[in-house]
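Novice: A predicted structure for the sequence below; I have some questions about it.
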Amino acid sequence: MGLGWIDAKDLSRHIEDLQAATRNAANDAAERRVKNVVDPFASLLVATTFGLKKRKQLTKTQDAESALRGMSNAIGRFHQSVLASVDGWEDHDAGYDLECVQRNVVAEVKNKWNTMNATNRQKVEEDLETATRQRGRAWQAYLVLVLPKEPGRYERPLRPRVFEVDGASFYHKVTGDPNAIHDLFDQLCDAVSPSSAIARHCRRVLAGSLPPRE
């Protein structure tokens, strides 16, 4: 395992942390589902729509949905940790996620374009704008959407010195490699995929979710 822009031991550790976090999300799914109050209307409709005739099938499906919420947080943290391991970048995790003093950049990393509602998004943008003002005129901030709404590379202004950027473009900025996020996914597939069929399927999903390689 190895990528030119991150130490192999660091990457292995981040993958192990990701696996542990997702296992915890799966193990806690049933408790979290019950704690959040089970919707009987949704339960009935899920069973009807997907042809689930046994209670265990239904609860397993609902547990999977519950686990995915926790896994999404773990994936976001994985990206943050990986990027913070690149030379010059640091894990900040208070007010924003990443900082690079040499390049006068701060960033907040979100796993997917729809993980924030309007109120959350406004707060994130305000915090990033505040961070740039506190650090001086040379500083810029990025709101990174690892999985953008459309699979294209872009960077657009949100506020003075605050920009929104897709994950592939931001990985390029951080690492200098335009295909860094694609190579990272390949490494993750090799490390954790339970079968070659699943790996092939997930790589096809990647092709429809991220900009193509350059």
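Specialist: Received, thanks. Quantities reported herein were computed from a predicted structural model and do not represent experimental measurements.

Novice: Could you give the separation of the helix or strand bottoming out on mean pLDDT in the chain from the chain centroid?
Specialist: Least confident element among the helices and strands of the chain, by mean pLDDT, DSSP states H and E: helix 29-35 (a mean of 76). Centre-to-centre, helix 29-35 and its host chain are 23 Å apart (CA atoms, centre = their mean, to the nearest Å).

Novice: tell me the contacts of Glu65?
Specialist: Residues in contact with Glu65 (CB atoms under 8 Å, 6 or more residues apart in numbering) are Arg33. For glycine as for every other residue, the C-beta is placed from the backbone atoms N, C-alpha and C.

Novice: same question, Asp63
Specialist: Ala26, Ala29, Ala30, Arg33.

Novice: Quick one: which of these is the most crowded by neighbours?
Specialist: Ala29 (22 neighbours; other CB atoms under 10 Å).

Novice: hang on, it packs against Ala67?
Specialist: Yes - between Ala29 and Ala67 there is a contact under CB atoms under 8 Å: 3.9 Å.

Novice: At which residues are the strands of the chain located?
Specialist: 90-91, 98-100, 105-112, 140-147, 155-159, 162-166 (DSSP state E).

Novice: Of the ones you listed, which is nearest Ala21?
Specialist: strand 105-112 (12.5 Å; CB to CB).

Novice: quick one: strands adjacent to that closest one?
Specialist: With DSSP bridges as the test, strand 105-112 is paired with strand 98-100 (antiparallel), strand 140-147 (parallel).

Novice: Find the nearest non-adjacent residue to the spatially most central residue of the chain, please.
Specialist: The C-alpha lying nearest the average C-alpha coordinate of the chain belongs to Asn111 (CA atoms, centre = their mean; 2.5 Å). Excluding its sequence neighbours, the residue lying closest to Asn111 (CB to CB, 6 or more residues apart in numbering) is Gly76, at 3.9 Å.

Novice: Neighbours of that neighbour, how many?
Specialist: Neighbour tally, Gly76, other CB under 10 Å: 18.

Novice: Please apply the same query to Val192.
Specialist: So Val192, with other CB under 10 Å, has 14 neighbours.

Novice: how far away is the nearest residue to it once chain neighbours are set aside from Val144?
Specialist: Nearest non-adjacent residue to Val192, counting by CB to CB, 6+ apart: Gln19, 6.3 Å away. For Gln19, the distance to Val144 (CB to CB, to the nearest Å) stands at 23 Å.

Novice: neighbour-wise, which of these two wins?
Specialist: Val144 (26 against 15).

Novice: So that one sits against Trp113, correct?
Specialist: No - taking contacts as CB under 8 Å, Val144 lies outside contact range of Trp113: 10.6 Å.

Novice: List the residues that contact the nearest residue to Lys110 once chain neighbours are set aside.
Specialist: Spatially, and ignoring its direct neighbours in sequence, Lys110 is nearest to Leu145 (5.5 Å; CB to CB, 6+ apart). For Leu145, the residues meeting the contact criterion (CB under 8 Å, 6+ apart) are Lys110, Lys112, Trp113, Glu164, Val165, Asp166, Gly167.
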